[in-house]
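Engineer: Quick one, what's the 3D model for this:
(chains A and B)
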Amino acid sequence: MAASTNSLISMQSRSGMAASRICSLKPVSLSNQGRSFLSFGFRSMPARSLRVSCAAKPETVEKVCEIVKKQLALAEGTPVNGESKFSALGADSLDTVEIVMGLEEAFGISVEEESAQSIATVQDAADLIEKLVEKKD
Amino acid sequence: MFPFIQKMLSFQRSFSVSPSLQLPSPMETHLWFVVPDEFKSVSLLNQYMELLSPCEKENVLSMRGEQLQKQALLARTLVRTTIARYQINNRVVDPRSLKFKRNVHGKPELEWESDGGQCPSPLHFNISHTSSLIACGVTVNSSIGIDIEEKQRKIKNNILAFARRYFSLHEVEHLSAISDSEVQRQEFVKLWTLKEAYVKALGRGFSAAPFKTFTICIKNGFRRGFDHADVLESGVCHKIPSSSEKALMHIGNVCKEN
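Structural biologist: Okay, the predicted model is just below:
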């Protein structure tokens, strides 16, 4: 959560927007070097929920873990969480692509080839999913 | 010519006992492989661990589970001991002394310090592994990429949906024309490994050659066609028969950057 606060601050200085503007009802989409991980579709946003939208919800992370466990046929009790790296779990490139396809199906999204290749951890996948789901809505 | 190591037992502390190897000639590829199941001795594996750099050790230990750790360990050991055996310039090389770096796109390379200063290593390598096989390909002065998959590997998604998503049009057509689902699955795995090996040989990362942008035509023992023919001047594809489906690409000329 501290990290997301930092990125919010840097975003402000980059765009030169005053804090009050960010809390306004205008939809704002800010790119950070092409990585638009802070894409806000505001309706009514109390300040504290700004932090929530910077990292994926636990339910999303959980669902990704389930799909990963299934694809990699992991042994019962293998710990999988947000920080788990796909490569450390034994996923090769084919597994990663299959996992991405499974995620597309489960969340009703479409992931670009390049984005798929940049996913290294479960958290990366969950964050990307939420970004794409948000774009959809 | 495919020499291979049966076991690594001959490699103990006195690595100078290992027979030295002749470098591959320009159009040659050497393929080395080991079978993880054949390595059961914990003390031997611990010895291998001592060959690795601190970074490699950390990476091995970060793998979840003994089997994955063993695979990662054997992969690095295979790379280090194999390259060391080539004894470039007739110097006995300690596998521990080899330095590796990543190129700007993340492809692992041998760091090579010649007497006159820095110049690129003549030796190129690439590795791939499954739970049943670890392979390392070695060439001189040409890029190499290698990918291995289990022949029996099951694809969880619908194969044609997968192909439409990631493969080129020609390849989708090729796969669609196969009526037997088992044969289709095998062709799919074959195509995947070939495409993966090609991209690994290019060493520019996945985004430099998205799978959709090139076609591999498999005709009567591997003839290959590419959508952009100026990328490659010549290429030879070898198929190594065994229980695992292996695809190895040897690109005769280094891929030119655009």
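Engineer: CA atoms for contacts and neighbours, from now on please.
Structural biologist: OK.
Engineer: roughly how far apart are the nearest residue to residue A:55 once chain neighbours are set aside and residue A:85?
Structural biologist: Excluding the flanking residues, the one nearest residue A:55 by C-alpha to C-alpha, 6 or more residues apart in numbering or on different chains is residue A:127, at 6.1 Å. Distance, residue A:127 to residue A:85, by C-alpha to C-alpha, to the nearest Å: 14 Å.
Engineer: before we move on, what about residue B:109?
Structural biologist: 23 Å.
Engineer: again with residue A:105
Structural biologist: 21 Å.
Engineer: about what we covered before: correct me, but the residue nearest to residue A:55 touches residue A:59?
Structural biologist: No: with contact defined as C-alpha atoms under 8 Å, residue A:127 does not count as touching residue A:59 (11.6 Å).
Engineer: The two: who's more crowded?
Structural biologist: The residue with more neighbours, out of residue A:127 and residue A:59, is residue A:127; 22 against 10, by other C-alpha atoms under 10 Å in any protein chain shown.
Engineer: which residues touch the closest residue to chain B within chain A?
Structural biologist: For chain A and chain B, the shortest gap (C-alpha to the nearest C-alpha) falls at residue A:88, measuring 4.3 Å. Contacts for residue A:88 were tallied using C-alpha atoms under 8 Å, 6 or more residues apart in numbering or on different chains; they are B:62-64, B:68.
Engineer: Look at residue A:131 and give its secondary structure.
Structural biologist: helix (DSSP: H, G, I helix; E, B strand; the rest coil).
Engineer: Residue B:52 - how many residues pack around it?
Structural biologist: By other C-alpha under 10 Å, 20 other residues sit near residue B:52.
Engineer: per-residue confidence for the closest residue in space to it that isn't next to it in sequence?
Structural biologist: Sequence neighbours aside, residue B:96 is the residue nearest to residue B:52 in space, at 6.3 Å (criterion: C-alpha to C-alpha, 6+ apart). According to the prediction, residue B:96 has pLDDT 92.
Engineer: How many neighbouring residues does residue B:96 have?
Structural biologist: Residue B:96 has 14 neighbours, counted by other C-alpha under 10 Å.
Engineer: Would you agree it is in contact with residue B:53?
Structural biologist: Yes: using C-alpha under 8 Å, residue B:96 makes contact with residue B:53 at a distance of 7.1 Å.
Engineer: quick revisit: could I get the buried residue list for the helix or strand hosting the residue nearest to residue A:55?
Structural biologist: Assigned by DSSP states H and E, residue A:127 falls within helix A:122-136. Buried residues in helix A:122-136, defined by neighbour count with 16 or more other C-alpha atoms under 10 Å in any protein chain shown: A:122-132.
Engineer: In JSON lines: the residues you listed, plus distance to residue B:127 and pLDDT.
Structural biologist: Shown next, in JSON lines, are the buried residues of helix A:122-136 (distance: C-alpha to C-alpha, whole Å; pLDDT from 0 to 100):
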{"residue": "A:122", "distance to residue B:127": "25", "pLDDT": "95"}
{"residue": "A:123", "distance to residue B:127": "27", "pLDDT": "94"}
{"residue": "A:124", "distance to residue B:127": "26", "pLDDT": "93"}
{"residue": "A:125", "distance to residue B:127": "26", "pLDDT": "94"}
{"residue": "A:126", "distance to residue B:127": "30", "pLDDT": "94"}
{"residue": "A:127", "distance to residue B:127": "31", "pLDDT": "93"}
{"residue": "A:128", "distance to residue B:127": "30", "pLDDT": "92"}
{"residue": "A:129", "distance to residue B:127": "31", "pLDDT": "93"}
{"residue": "A:130", "distance to residue B:127": "35", "pLDDT": "91"}
{"residue": "A:131", "distance to residue B:127": "34", "pLDDT": "90"}
{"residue": "A:132", "distance to residue B:127": "34", "pLDDT": "91"}
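Engineer: quick one: residue B:59 is in a helix?
Structural biologist: Yes: checked against three-state DSSP, residue B:59 lies within a helix.
Engineer: residue boundaries of the helices in chain B?
Structural biologist: B:42-49, B:54-62, B:66-85, B:159-166, B:169-176, B:181-202 (DSSP state H).
Engineer: Check chain A too.
Structural biologist: So, for chain A - with DSSP H - the helices run A:2-15, A:19-22, A:49-52, A:58-72, A:93-107, A:113-117, A:122-136.
Engineer: Give me the residues contacting the last one.
Structural biologist: Same thing as helix A:122-136. Under C-alpha under 8 Å, 6+ apart, the answer for helix A:122-136 is A:37, A:39, A:41, A:55-57, A:60-61, A:64-65, A:81-86, A:103, A:107-110, A:119.
Engineer: one more time with 7 Å
Structural biologist: For helix A:122-136, the external contacting residues (C-alpha atoms under 7 Å, 6 or more residues apart in numbering or on different chains) are A:55-56, A:60-61, A:64-65, A:81-85, A:109, A:119.
Engineer: What is the neighbour count of residue 74?
Structural biologist: Answering for chain A, as no chain was given. 16.
Engineer: please go with chain B instead
Structural biologist: Residue B:74 has 25 nearby residues by other C-alpha under 10 Å.
Engineer: just the one 4 residues further on next, same as before
Structural biologist: Taking other C-alpha under 10 Å as the criterion, the count of residues near residue B:78 is 23.
Engineer: Check the spacing between it and residue B:211 real quick.
Structural biologist: Noted for residue B:78: a distance of 29 Å to residue B:211, by C-alpha to C-alpha.
Engineer: No further queries at this time; thank you.
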